[in-house]
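Q: I'd like to go over a predicted model; first the sequence, then the structure.
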Amino acid sequence: MPDQSAILTMADLHFGKRTARFNPTILERRLDKLAEKLIAEKHSVDELVVALLGDVNDGTGIYPTQIHHQTVGNPEQQADLLSDVLARFFATIQKAYRDIRIECVPGNHGRTGKFAHEAANWDIVAYKYLGFKLKDAGIAVRQNTGDPFIRKVGVRGHRYLMYHGHSVRMYQSIPWYGLVQRVMRWQLTNLAP
């Protein structure tokens with residue numbers, strides 16, 4: 001068991017999306033800067049637990065004009081290219097951490113369209129591709145085999161609930177109340193940690 005662990009959360013990468021200030025090339029540059037900081041500020045952390053919290057792909061068919069706001073419109077290509085980018089990022093930071101563990105849940109943007117089932121999700125595919133690409137590096141990429149959208153993850157004796165949050169509704173225009181209500185329901189059904 002490592003002496004110290006750290007948790008890095010990453011969500012809403014929206015790989016494939018294009019705006020005036022964002023595209024896949026900018027995402028790669030941001031990940032390069034993050035890698036530099038993680039290596040420089042490592043301190044005495046032995047294990048890095050990375051929580052990939054969904055919407056890593058931009059998906060397709062979520063809204064009518066989405067294809068016009070993307071550099072990569074094919075969701076399978078988004079998943080493949082993103083897994084390459086993330087594999088390079090994790091291989092770079094692996095120099096600074098003895099152990100890296102990647103825990104994943106999908107979001108709502110990886111869907112294959114607004115009428116498709118939530119489980120038809122390209123985030124799940126991107127995580128599988130990433131797992132294949134990191135297998136030889138010894139970095140585990142874990143997803144839930146049951147409900148892929150909610151996970152309980154243990155880190156140094158503590159349990160964390162991983163969820164993208166896409167189906168949590170606000171109460172009185174405040175997101176916090178929606179989260180509290182959802183966690184209380186999960187606790188009643190024994191899903192919460």
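A: Right, received. Where do you want to start?
Q: so who does residue 87 touch?
A: Residue 87 sits next to 130, 133-134, 137 when contact means CB atoms under 8 Å, 6 or more residues apart in numbering. For every residue, glycine as well, the C-beta is placed using N, CA and C.
Q: JSON lines for the residues you listed, including pLDDT and distance to residue 67?
A: Shown next, in JSON lines, are these (pLDDT from 0 to 100; distance: CB to CB, whole Å):
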{"residue": "130", "pLDDT": "98", "distance to residue 67": "25"}
{"residue": "133", "pLDDT": "97", "distance to residue 67": "27"}
{"residue": "134", "pLDDT": "97", "distance to residue 67": "30"}
{"residue": "137", "pLDDT": "94", "distance to residue 67": "34"}
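Q: from those residues, list just the buried residues.
A: Among the contacts of residue 87, those classed as buried by 16 or more other CB atoms under 10 Å are 130, 133-134.
Q: I'd like the contacts of residue 87 as JSON lines, with secondary structure and distance to residue 112 appended.
A: As requested, the contacts of residue 87 are exported to JSON lines (DSSP: H, G, I helix; E, B strand; the rest coil; distance: CB to CB, whole Å):
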{"residue": "130", "secondary structure": "helix", "distance to residue 112": "19"}
{"residue": "133", "secondary structure": "helix", "distance to residue 112": "22"}
{"residue": "134", "secondary structure": "helix", "distance to residue 112": "25"}
{"residue": "137", "secondary structure": "helix", "distance to residue 112": "29"}
